[in-house]
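Peer 1: please find the sequence and the predicted model below.
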Number of protein chains: 2
Amino acid sequence: MAEGKFVSLIMAGGSGTRFWPMSRKDLPKQYLNLVGNTSLIQQTAQRLEALSSPEDIYICSGESQKSLLQKQLPQIKNLILEPAAKNTAPCIMLSVATFLAKGYSRETVMGVFPADHYIRNQAAFGEILNAAATTARKTKGLVTLGIKPTSPHTGYGYIEATAQAASGFSPAKRFVEKPTLEKAKEFLGSGNFYWNGGIFAWTLGAIEEALLKFCKEDFEAIQKASPSDLPRVYQSVKSLPIDKAVMEKASNVFIVPAEMGWSDVGSWSAIHELEAPTDKENVGDNTHCHFLEASGNLVKAPAKKKVAIIGVSNIIVVDTGDSLLIVDKSHDQMVRKIAEHWDK
Amino acid sequence: MAEGKFVSLIMAGGSGTRFWPMSRKDLPKQYLNLVGNTSLIQQTAQRLEALSSPEDIYICSGESQKSLLQKQLPQIKNLILEPAAKNTAPCIMLSVATFLAKGYSRETVMGVFPADHYIRNQAAFGEILNAAATTARKTKGLVTLGIKPTSPHTGYGYIEATAQAASGFSPAKRFVEKPTLEKAKEFLGSGNFYWNGGIFAWTLGAIEEALLKFCKEDFEAIQKASPSDLPRVYQSVKSLPIDKAVMEKASNVFIVPAEMGWSDVGSWSAIHELEAPTDKENVGDNTHCHFLEASGNLVKAPAKKKVAIIGVSNIIVVDTGDSLLIVDKSHDQMVRKIAEHWDK
């Protein structure tokens, strides 16, 4: 970061069932090479390493993912291990408590990054993050990156800005979680709404104040807990996303608009969108894929497998050797059901 | 056979590309367990073994299939090995020459059976074959089983009967190879047309006479050739189907109608039709197939592989471990192209 101290938190708690058969209970989405030749969490770390030193990058995750993390990101030594998965609010509380205990000043800006998102434009990401850090310092508020909507997506949270963000940031007016299609279309048209991408920036002082205001009991319990007490304390804290626990209640939330080729990589269709320049394009990840009268398909298969797709369009094929998924793109949200059925 | 001597010829010359990735150049269709737990050629032999003794069952095939034949049908010792694949007329000439040389009388009825067809009703097959043998003896003609058409199929040869076969057989009027859809519909409506199933019965005397009449040069060359001469002789004989070489020219062809659940198992779709009681039904050949909002699909996959088909209908999925085919049923004739591309 250009000016002032910055600490990054990568949140890697997800257990992901949407990428079956590649993702498994013990191999969540963020550890998979879904787009490109490195995993999403490796790409997330790489983006941050270009902006700050590894000593100021922390990963908050479950105990069970420790060996995966050490294997994929050996350079990052700062692991904040949660005794249980409790959504993002407790993860952030534990991390803030850790940073303060380690002696980071309350002026330090903390950036929060989901481990399993994709960002195409690294340069834009750097600039936007700088703007977010500057805004966090200047306003002492809670800054969230607002992703410019490109479709009336009904699966995302939306944030309304009070004004067009000409100055580089604007106060948030309200949060709307997963709107109806009608509402989503209205939001898309208005120009004042952003997708909530779950990327935040705030000073440690600002988030400490907010946590003490909205989640005092849980935050103080976590802060006071000794390592041996933490599992017991964690059992009693509320499982909540930071959006619900803090952001929707706070009056000092600011939006920094972010156009950087963001995707939350929410399903197999999203992978196809990221990899195919046009909708009609077939994407095969090995050199033995053969398409005949077929379009808009995505194939993931073992390197030497011969794959022929004939007369079929808009499907996702994922072959992991022991499992095979064939799903129409319009049905990719149902992949969870299969994963839950088989991968208990 | 109930009365008189009967000798069976199973023709196993096909090299099949329509069942890629299960069929390969060195593993043609007839050796695959496409319907049920035995191969099509094993089922063909089994049908004949129920009607005659193994000593009177012969298989005509290429040298390259010898070890496959010995493995799948160890009980059948009578192999007539062709030096080259030359379609069915030379195969029948070589077999007739072999039978006569072995001392079968000219009164013996010879039945000819493609190795790669499926017949659901064994009892009906037995009765029909008896009727065909009786007709062959009585008329001294060339008898062909006429399959009652169930659709205006444009890929089959049709035979027109001179009259409804009330007496159990009727003289053939003409052969029509692969008609237009319009013609095929007309044939289906008339009730006088049958599919040419490629199953024949004739006395050795009758077929000898016909071969001497229509293919004298080739037949005599084959008959006179010593085993060491045969490869050279075979190179010069015309590659023709018996239908074109003899049946279409002969005036003593008789049709015995056959309703016995016949299928030439012409493509992957045919397999689905044979295995699915209704069109909408999903068929998975292993216990780990899971279908969600999917219908009319056929899946062939390794026994322990987990397969999920979601939101996709009317496709064929064949996973052989090293290869994967996904084809819409309407496009299954294109599978050849893939096979030719990869399996040279």
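Peer 2: That came through fine. Predicted model, so just to flag it, every value in this text is computed and none were measured.
Peer 1: is it fair to say A:Ile10 lies in a strand?
Peer 2: Yes: counting by DSSP: H, G, I helix; E, B strand; the rest coil, A:Ile10 is part of a strand.
Peer 1: where does stretch A:203-210 sit relative to the chain's centre, distance-wise?
Peer 2: 21 Å (CA atoms, centre = their mean, to the nearest Å).
Peer 1: give the rounded mean pLDDT of that stretch.
Peer 2: In this model, stretch A:203-210 carries a mean pLDDT of 98.
Peer 1: also stretch A:170-183?
Peer 2: 92.
Peer 1: which residues does that stretch contact?
Peer 2: Contacts of stretch A:170-183 with the rest of the structure, by CB atoms under 8 Å, 6 or more residues apart in numbering or on different chains, involve A:141, A:144, A:152, A:154-164, A:187, A:193, A:196, A:243, A:247-248, A:253-255. Any C-beta I mention is one placed from the backbone N, CA and C, and that applies to glycine too.
Peer 1: and for stretch A:30-47?
Peer 2: A:10, A:12, A:14, A:16, A:19, A:22-23, A:29, A:57, A:59, A:65, A:68-69, A:72-73, A:75-76, A:113-119, A:122, A:125, A:265, A:271, A:274-275.
Peer 1: 6 Å - rerun?
Peer 2: Contacts to stretch A:30-47, defined as CB atoms under 6 Å, 6 or more residues apart in numbering or on different chains, come from residues A:10, A:12, A:22, A:68, A:72-73, A:113, A:115-116, A:118, A:125, A:271, A:274.
Peer 1: and if you look at stretch A:141-158?
Peer 2: Looking at stretch A:141-158 with CB under 6 Å, 6+ apart, the contacting residues turn out to be A:132, A:135-136, A:159, A:176-177, A:181, A:184-185, A:187-188, A:193-197, A:199-202, A:250, A:252-259, A:262.
Peer 1: cool, and stretch A:62-70?
Peer 2: Contacts for stretch A:62-70 (CB under 6 Å, 6+ apart): A:31, A:81-82, A:85.
Peer 1: what's the most distant pair in the residues you listed?
Peer 2: In terms of CB to CB, these reach their longest pairwise distance at A:Tyr31 and A:Glu82, which sit 16.7 Å apart.
Peer 1: which of these two has more residues huddled nearby?
Peer 2: Between A:Tyr31 and A:Glu82, counting by other CB atoms under 10 Å in any protein chain shown, A:Tyr31 is the more crowded of the two (26 against 21).
Peer 1: so where's chain A shaky on pLDDT?
Peer 2: Across chain A, the stretches falling below the confidence threshold (pLDDT under 70) are A:1-3, A:15, A:164-167, A:343-344.
Peer 1: A:Ser95 belongs to a helix?
Peer 2: Yes: per three-state DSSP, A:Ser95 lies within a helix segment.
Peer 1: the longest helix in chain A is where?
Peer 2: helix A:122-139 (DSSP state H).
Peer 1: so the helix or strand just after it versus helix A:122-139, what angle?
Peer 2: Of the helices and strands lying after helix A:122-139 in sequence (DSSP states H and E), the nearest is strand A:142-147. For strand A:142-147 against helix A:122-139, the angle by axes from the mean of the first three to the mean of the last three CA atoms, to 10 degrees is 150 degrees.
Peer 1: strand A:142-147: how far from the chain's middle?
Peer 2: 13 Å.
Peer 1: write out the residues of chain A neighbouring chain B.
Peer 2: Applying CB under 6 Å from any CB of the partner chain, one finds that chain A approaches chain B through A:292, A:306-312, A:315, A:319, A:323-328, A:331, A:334, A:338, A:342.
Peer 1: apply 7 Å and report the result again.
Peer 2: A:21, A:290, A:292-293, A:301, A:305-312, A:315, A:317, A:319, A:322-328, A:330-331, A:334-335, A:337-338, A:341-342 (CB under 7 Å from any CB of the partner chain).
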